[in-house]
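Engineer: Structure for this input, please:
(4 chains)
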There are 2 protein chains.
Amino acid sequence: MNDFSPAVMKTLLKQAGLRATPARIATLTLLSQSSKPLSHAEVSAELKNLGVDKTTVYRNLNDLVGANLLRRAELGDHIWRFELANHHDEACSLHPHFVCIDCGDVFCIDEKYLQARDFQLENQNVTVKEILVRGHCNNC
Amino acid sequence: MNDFSPAVMKTLLKQAGLRATPARIATLTLLSQSSKPLSHAEVSAELKNLGVDKTTVYRNLNDLVGANLLRRAELGDHIWRFELANHHDEACSLHPHFVCIDCGDVFCIDEKYLQARDFQLENQNVTVKEILVRGHCNNC
DNA sequence: TATCCAGATGCAATTGAGTTGCATATGGAC
DNA sequence: GTCCATATGCAACTCAATTGCATCTGGATA
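Structural biologist: Coordinates of the predicted model:
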């Protein structure tokens, strides 16, 4: 992951219309230094030292997802995990993504493998916004 | 989905080494008649009429998954959903699911629209466990 | 730099999916 | 029909996640 300075975090937060509080800067810093997505509980445990309440962590994680600074991933064990949202992803939001159930790594899938077009469902068109494939990657 | 008779359900259960109890037969029958995967809560609500406790439903659904009679799907909303695992055609048991972003409704997608087979990623094979399509359904 | 308030936080209580313990009931092998 | 391993019902419990509310504070403004 990318390792940003607190100053950069502060700027990112303000650009998103959120206050740059110590809890939020610490959350972003922690996730920027992690090699894998972290759960609510894991982030809470880390920020407890700083006196940050777990409710605040929950709310901040959700707010940061809403501001597109974080991405929320479900890896198959019914625990939300959070990671920095790569802005690179926005440009490629239309093609399918692969999420590894084990390590949480996300890969882009070439469209030649899976068409991301709208299709019919019960004789009616539906609008496709995201195609997600979950499974085990080769490192796991 | 396939609509099996109670007698067939009974045979399937016995073959799996499980007792053919009314609750289990009712569970399989319900899922065989559903066009989409159902949650614990939805199955419980249906079987309540028969006097089946929700704990029993939970345990049976999990046992039936263990016996490969059902498949458990996590569709991104932290609710397990269950559907018949089609033994006769392994290749067609891993079909994609559609989840409506607005109403949360879930549909099964015919494989002719989206192939759910393993594929290559960065020149290596990955194992596909779930294919999930998100978008807006026609009612929303 | 002091003031002020919408937005952020801490704490406690609550929700809801899913699990576990245990006493009782029953499927099905004999 | 008898018997017992398995299945069930009921209650209590776990744990992720949310909500309500009083208090605090970042940062815009004067």
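Engineer: Pull the contacting residues for residue A:80.
Structural biologist: A:39, A:40, A:61, A:72, A:73, A:74, B:78 (CB atoms under 8 Å, 6 or more residues apart in numbering or on different chains). For glycine as for every other residue, the C-beta is placed from the backbone atoms N, C-alpha and C.
Engineer: ok, now how distant is the first one from DNA strand D?
Structural biologist: Residue A:39 is 6 Å from DNA strand D, where distance means CB to the nearest atom of the strand, to the nearest Å.
Engineer: what about that residue, how many neighbours?
Structural biologist: 15 (other CB atoms under 10 Å in any protein chain shown).
Engineer: The fourth one too?
Structural biologist: Residue A:72 has 16 neighbours, counted by other CB under 10 Å.
Engineer: part of a helix, is it?
Structural biologist: No: Residue A:72 is assigned strand when assessed by DSSP: H, G, I helix; E, B strand; the rest coil, not a helix.
Engineer: partners of it in the sheet?
Structural biologist: residue A:82 (DSSP bridges).
Engineer: mind checking how far it is from residue A:20?
Structural biologist: Here the criterion is CB to CB, to the nearest Å. By it, residue A:72 lies 21 Å from residue A:20.
Engineer: can you check the second one too?
Structural biologist: In this structure, residue A:40 lies at 21 Å from residue A:20, with CB to CB as the measure.
Engineer: restrict the contacts of residue A:80 to those near DNA strand C?
Structural biologist: Within the set of the contacts of residue A:80, contact with DNA strand C (CB under 7 Å from any atom of the strand) is found for residue B:78.
Engineer: Need the worst-confidence member of the contacts of residue A:80.
Structural biologist: The lowest pLDDT within those belongs to residue A:74, which sits at 81.
Engineer: Specify the local secondary structure of the closest residue to that one other than its chain neighbours.
Structural biologist: In space, and not counting its chain neighbours, residue A:74 is closest to residue B:76: 5.5 Å by CB to CB, 6 or more residues apart in numbering or on different chains. With three-state DSSP as the basis, residue B:76 sits in coil.
Engineer: list the contacts for the residue sitting nearest the centre point of chain A?
Structural biologist: Nearest residue to the geometric centre of chain A (CA atoms, centre = their mean): residue A:71, 1.7 Å. Counting by CB under 8 Å, 6+ apart, residue A:71 touches A:37, A:65, A:82, A:83, A:84, A:85, A:89.
Engineer: Give the next helix or strand downstream of the lowest-mean-pLDDT helix or strand in chain A.
Structural biologist: Between all helices and strands in chain A, the lowest mean by mean pLDDT, DSSP states H and E belongs to helix A:88-91, at a mean of 50. Using DSSP states H and E, the helix or strand that follows helix A:88-91 in sequence is strand A:97-100.
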